[in-house]
Structures are given as C-alpha cells and as structure tokens.
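Undergrad: need a 3D model of the following:
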Amino acid sequence: MFHHVSIGVADLGRSSAFYDAVLGALGHERYMEKSGTISWRSAEGGAVFWINLRDELTVVPDDGRHIAFAAQSPMQVDMFYQAAMMSGAVGDGAPGLRPEYRDTYYGAFVLDPDGHKVEAVYLPPA
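TA: You can find the predicted model right below:
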C-alpha cells in the first residue's frame, strides 16, 4: 500500500543513530542519503522510511499517530525494543502480546528521540 513514509527530526545525527539501531534490529538497512535526509528499507526492497531534518519541529504527544514496523519474529520485536531503549527512546509499551488488537499480535512501542511513537509488530501468518 505505501511507497514511503517520512517524518521530521530535530537532529539528523541523533535520529539516524537511533533508527540505524532499531531498524537494524528488524533487518533493515540504510537505503539513500541526501543533504538533510536519510532513508531505510529492507534488503528485499519495498516501502521506504525517511527522516528529514527540520529546523522547527513540533511533535504532538499522543495524537493518535504512530508508525508500525513489521518484525519477522517476537525475538525481533524484543531486539527492536532493547535497541530503542539503549538508543535513548522512552518506552511506551514493553514487548508482549496485545490481545486487544488480535490474539497473536506481539508488539512493542517506544517514543523516538523527538517523541514520535514507533512500534515493532509481529503477526504470524494466518
């Protein structure tokens, strides 16, 4: 469905280090870099995630937006969460089953260094 998603960040170096760690835990790698912007995608291709430097950035806390990255296993979700916490994230939902979403939904939520809510989720094939 999506070709790419992008968000603004206040510090490109800080945020790129954060996303290198958390997206690396999910098997994604840097895709493109240009002045003021960096992207990641899976080695197989597909949708691309971008961060873009913004001089004035406003992130509204808990406004209902978040980005969920697909994981290939519950272990990857755990690794995402650990990498996020070691990279300066604020926990917003430790790894675990989320039966309120679906019986097999395993996810973890964090706030990135700018306060964007991001998630890693694993759903086994139906």
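Undergrad: contacting residues around the nearest residue to T37 once chain neighbours are set aside?
TA: In this structure, T37 finds its nearest non-sequential neighbour in N52, 4.7 Å apart by Cβ to Cβ, 6 or more residues apart in numbering. Just so you know, the C-beta spots here come from the backbone N, C-alpha and C atoms, and that holds for glycine as well. By Cβ atoms under 8 Å, 6 or more residues apart in numbering, the contact list for N52 reads S6, I7, G8, V9, G36, T37.
Undergrad: any quick PyMOL command for the buried ones out of those?
TA: Here is the PyMOL command that picks out the buried ones among the contacts of N52, judged by 16 or more other Cβ atoms under 10 Å:
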select buried, resi 7+8+9
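Undergrad: okay, the contacts of N52 in TSV with pLDDT and secondary structure next?
TA: Formatted as TSV, the contacts of N52 follow (pLDDT from 0 to 100; DSSP: H, G, I helix; E, B strand; the rest coil):
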residue	pLDDT	secondary structure
S6	97	strand
I7	97	strand
G8	97	strand
V9	98	strand
G36	97	coil
T37	98	strand
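Undergrad: show me what contacts S87?
TA: The contact partners of S87, by Cβ under 8 Å, 6+ apart, come to A17, F18, A21, V22, P113.
Undergrad: ok, now how distant is it from T104?
TA: Distance of S87 to T104, computed by Cβ to Cβ, to the nearest Å: 28 Å.
Undergrad: what two of the contacts of N52 are the furthest from one another?
TA: I7 and G36 (13.0 Å; Cβ to Cβ).
Undergrad: what comes up buried for the host helix or strand of F69?
TA: Using DSSP states H and E, F69 sits within strand 67-70. Within strand 67-70, the residues that qualify as buried by neighbour count (16+ other Cβ under 10 Å) are F69, A70.
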